[in-house]
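Colleague: here is a sequence with its predicted model. Questions after.
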Amino acid sequence: MEDNKKENAVDRVSKEYRRSLNIWRSIAAVLAIALIGTGVYAYMTTNDRNYYKTYLQNQYQRSFRDMVSDVENLKILLDKAEVTGNNIQSNSIMNQIWKNGYSAAESLSQIPISMGVLEKTHKFLNQIADFSLSISKQNAANKLMTDEQANLLAKLNKMADNLVKELRKMQADMNEGKIQFGEISQKGAFYMKKVQGNALDSQFGNLEKGFAEYPAMIYDGPFSDNVIEGKPKGLQHEKEVNMETAQERVKKFIDGQKIGRIVEVSSGKGKINTFGLEAIPKDGDRSKSIFIDITKKGGHVLWMLDSRAVEEKKLTDEQAIEKAKNFLKQQGFGNLTNTFHYKNDNTITVTFVGVEGDGVLIYPDQMKVKIALDNGDIVGFDAYQYWMSHHDRNISKPAITEAEAREKVNKKIEINRVKLAIIPLPGDKEQLCYEFKGTYNGNDYFVYINAENGNEENILRIIKEENGVLTQ
Amino acid sequence: MLLKIIKKYKFLIAGIFCAAILTGLFKTGYLVNPMRYGAETILLKWGSRGDYVYVVQDKLKRWGYYKGNIDGIYGNETRVAVQEFQRKNGLKVDGIVGDETARALGINIPGGGKKTSGGGGGGGARSNELYTLAQCIHGEARGEPYIGQVAVGAVIMNRVRSPLFPNTIAGVIFQPGAFTAVSDGQMFQPPGSTAMKAAQDALNGWDPSGGALYYYNPAKVTSSWIWNRPVIKVIGKHYFAK
């Protein structure tokens, strides 16, 4: 009896023990499986991550190597360019430099270096490309490089030499595994934040050493230093105005009745110094504010934007363009004519250019007016181009006649209108041209023939969409 | 009782448990690519959702066609409103916002719209660039004042024209490390209508940044280098610099 009881108790204990053991076993099993699951998942993601990392490394390696070989080619071509004495040969070399320079700059921009580290290298590559293109055009017109241009080229060549040397050193380091792009590709991942690839930045930083005495590059191209650092010609002789005058100008520009008060929000020291003003409506609702920048010199409106939502369209394009014309006249810009326009979100943006003498179009003096198609309000204005280029021009009589110029236009084009126009040329230059508007193969074109020497200076294709007329 | 069940189905339960973890991970997006590419579809109809539905509803409400909530869901009320708008404007009354209706509403849906004349893809290229630019503006500067958004677009345009940077809009936007919203993938969302408008103004030449090549939010800046750039303008939270 005693024994039985005892056995029962033992039984019970062991049963309970077994039961709890089972619970623990089950939990352990579940956890083990979960652990395996997590493990498999971690393995998969690590694999994936390594795969992407390698892929990215390879892409960066490729960009880097592309750049090295482009720069090496560039160096050889520059050597040749220095010694060529023939236009045709020079033209071909210059075109190759152009291609190699741009392509090197493009590869460079794909390498993950922090902003600003390779600024000068990038500028060097883009400018050498741009510069050689301008010389190639000159060569095509049967002119060799001038001494000045040759000197500039020699200076650039020395810099290219240094660049090649540094790049080769880097490539060697890379082959030994001293430099890895992977470091920076993980920037942003929380566990790598502290390293942030500064090693790579300083390695690449060496490339910039050779550009300490980088010359001023003035030539006929869009990246020429005189274009980049250009001063506003239209404001040269103007006097500084004060805040009150600026605010008065705003009230004259926007219907003064609508404005409650004007506050200064973002005055700036850009290429053109401005008062950055916000015109707050009478009800004080700043979501309906109009923003407007007034030039400190002369107190002119540089640009204006009203971002109000535009209601249902009530005006035709023609009515809107008419409103824009009247507005400009009322603001004192008499000699302007509309050229292209583009519609978006129930607004229409119309481009105006200057007109001088008996209808000579002045394309560099450009203004844009944006009109709301619901009530004809002016909701945008931009005169940056105008103030950058506007100045008193002495328009000379064309040296060749219209008939002579017409001879120079490709015979395939059916000409339906001729005008005289001053057009901007690369390098911040202007040229009087005959503008022929014509059609070929269903497309409309503008062809510009130099009114002094009959050269074809530019061709624009007109793009007509339902949203507007543009050129390319 | 419970124990028995656990015992009997322990593998099944463990399986479900693992599956639940994995599903959770999928759901939170760890295992799937979080990026979304490409433009929104041109067609909005019953059941459509998203930014463009908001725009359509907002316009129709302001113009008195639509009485419902602006919720971004194209329901029956929206359909009826679209039909009425179409009837009044001499369009085909189908209750669907296609090319024609979108144009009548004054909405530029990128990639939409056929050209009436002229060969080549000039216009198409322009609207693709517009969309990419708008995405970048949306990712970088949503929540900023309108001119701040145009200014961010203008910085991108200024970079295209600068020898220090790539020479195309896509080249500038996708330069490694150039824009945070591109690096972390935030850019790959459909841009709102404000960003589209700002992108259009920047593309048309408006530059509230004063010719800036850089901008930064002084509260979030990580690189000390940027402090050395001369600041030319401050708009909203952004400093614009040369």
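Modeller: Here it is on my side, so go on. Remember, predicted model here, so these are calculated numbers, not experimental data.
Colleague: part of a helix, is B:Val53?
Modeller: Yes - counting by DSSP: H, G, I helix; E, B strand; the rest coil, one finds B:Val53 located in a helix.
Colleague: run a quick neighbour tally on it.
Modeller: 22 (other C-beta atoms under 10 Å in any protein chain shown). C-beta here means a position set from N, CA and C on the backbone, and glycine is covered the same way.
Colleague: quick one: low-confidence ranges for the chain?
Modeller: You didn't pick a chain, so chain A it is. Scanning chain A with the threshold set as pLDDT under 70 gives A:1-6, A:182-199, A:256, A:472.
Colleague: wrong chain, I was asking about chain B
Modeller: Using pLDDT under 70, chain B drops low at B:1-8, B:10-42, B:108-126, B:222.
Colleague: direction included, what does the helix or strand harbouring A:Glu435 pair up with?
Modeller: Applying DSSP states H and E as the criterion places A:Glu435 in strand A:429-440. If you go by DSSP bridges, strand A:429-440 pairs up with strand A:414-425 (antiparallel), strand A:443-450 (antiparallel).
Colleague: mind putting those strands into a markdown table with mean neighbour count?
Modeller: Putting the strands paired with strand A:429-440 into a markdown table (neighbours: other C-beta atoms under 10 Å in any protein chain shown) gives the following:
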| stretch | mean neighbour count |
| --- | --- |
| strand A:414-425 | 16 |
| strand A:443-450 | 21 |
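Colleague: wait, which of those strands is closest to A:Ile33?
Modeller: Set against A:Ile33 and scored by C-beta to C-beta, the strands paired with strand A:429-440 come closest in strand A:443-450, at 68.5 Å.
Colleague: just checking, next helix/strand downstream of the closest one?
Modeller: strand A:456-465.
Colleague: can you give the strand pairings for that following strand, parallel or anti for each?
Modeller: If you go by DSSP bridges, strand A:456-465 pairs up with strand A:443-450 (antiparallel), strand A:468-471 (antiparallel).
Colleague: I'd like the distance from the first one to the chain centre, please.
Modeller: Taking the mean of its C-alpha atoms, strand A:443-450 sits 26 Å from the chain's own mean (C-alpha atoms, centre = their mean, to the nearest Å).
Colleague: what does stretch A:335-343 give?
Modeller: Stretch A:335-343 sits 24 Å away from the centroid of its parent chain (C-alpha atoms, centre = their mean).
Colleague: could you pull up the residues touching B:Trp227?
Modeller: By C-beta atoms under 8 Å, 6 or more residues apart in numbering or on different chains, the contact set of B:Trp227 is B:Val221.
Colleague: need the strands paired with strand A:429-440 in JSON lines (columns: distance to B:Asn76).
Modeller: Shown next, in JSON lines, are the strands paired with strand A:429-440 (distance: least, C-beta to C-beta, whole Å):
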{"stretch": "strand A:414-425", "distance to B:Asn76": "53"}
{"stretch": "strand A:443-450", "distance to B:Asn76": "46"}
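Colleague: how much space separates the residue lying closest to B:Glu129 once chain neighbours are set aside from A:Lys370?
Modeller: Closest residue to B:Glu129 apart from its sequence neighbours, by C-beta to C-beta, 6 or more residues apart in numbering or on different chains: B:Ile169 at 5.0 Å. In this view, B:Ile169 and A:Lys370 are 21 Å apart by C-beta to C-beta, to the nearest Å.
Colleague: also A:Glu278?
Modeller: For A:Glu278, the distance to A:Lys370 - C-beta to C-beta - is 18 Å.
Colleague: ok, stretch B:132-152 near chain A or not?
Modeller: Yes - interface with chain A: stretch B:132-152 contributes B:Pro145, B:Tyr146, B:Ile147, B:Val150 (C-beta under 8 Å from any C-beta of the partner chain).
Colleague: so B:Val97 makes contact with B:Val56?
Modeller: Yes - under the criterion of C-beta atoms under 8 Å, B:Val97 makes contact with B:Val56 at 5.8 Å.
Colleague: can you get me the start-to-end distance on stretch A:291-307?
Modeller: Across stretch A:291-307, the terminal residues are separated by 9 Å (C-alpha to C-alpha, to the nearest Å).
Colleague: from the chain's centre, how far out does that stretch sit?
Modeller: On C-alpha atoms, centre = their mean, the centre of stretch A:291-307 falls 23 Å from that of its chain.
Colleague: check which residues of it are buried.
Modeller: Judged by neighbour count (16 or more other C-beta atoms under 10 Å in any protein chain shown), stretch A:291-307 contains these buried residues: A:291-307.
Colleague: rewinding a little: can you redo the strands paired with strand A:456-465 as CSV with distance to B:Trp206?
Modeller: Below are the strands paired with strand A:456-465 laid out as CSV (distance: least, C-beta to C-beta, whole Å):
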stretch, distance to B:Trp206
strand A:443-450, 25
strand A:468-471, 16
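Colleague: all strands of the chain, in order?
Modeller: Here I'm looking at chain A. A:259-264, A:268-269, A:273-281, A:290-295, A:301-306, A:336-344, A:347-356, A:360-372, A:378-382, A:414-425, A:429-440, A:443-450, A:456-465, A:468-471 (DSSP state E).
Colleague: actually, chain B is the one I wanted.
Modeller: Along chain B, the stretches classed as strands by DSSP E are B:214-216, B:231-235, B:238-241.
Colleague: the longest one pairs with which strands?
Modeller: The pairing partners recorded for strand B:231-235 under DSSP bridges are strand B:238-241 (antiparallel).
Colleague: what does the strand it pairs with contact?
Modeller: With contact meaning C-beta under 8 Å, 6+ apart, strand B:238-241 is reached by A:268, B:141, B:144, B:148, B:151-152, B:155, B:209-210, B:212-218, B:226, B:229-234.
Colleague: kindly recompute the last result at 6 Å.
Modeller: Here strand B:238-241 makes contact (C-beta atoms under 6 Å, 6 or more residues apart in numbering or on different chains) with B:Gly148, B:Ser209, B:Ala212, B:Tyr214, B:Tyr215, B:Tyr216, B:Asn217, B:Pro218, B:Arg229, B:Val231, B:Ile232, B:Lys233.
Colleague: can you check stretch A:165-173 too?
Modeller: By C-beta under 6 Å, 6+ apart, the residues outside stretch A:165-173 that reach it are A:Val68, A:Val71, A:Ile179, A:Asn206, A:Leu207.
Colleague: next, the buried residues of that stretch.
Modeller: A:Glu166, A:Leu167, A:Met170.
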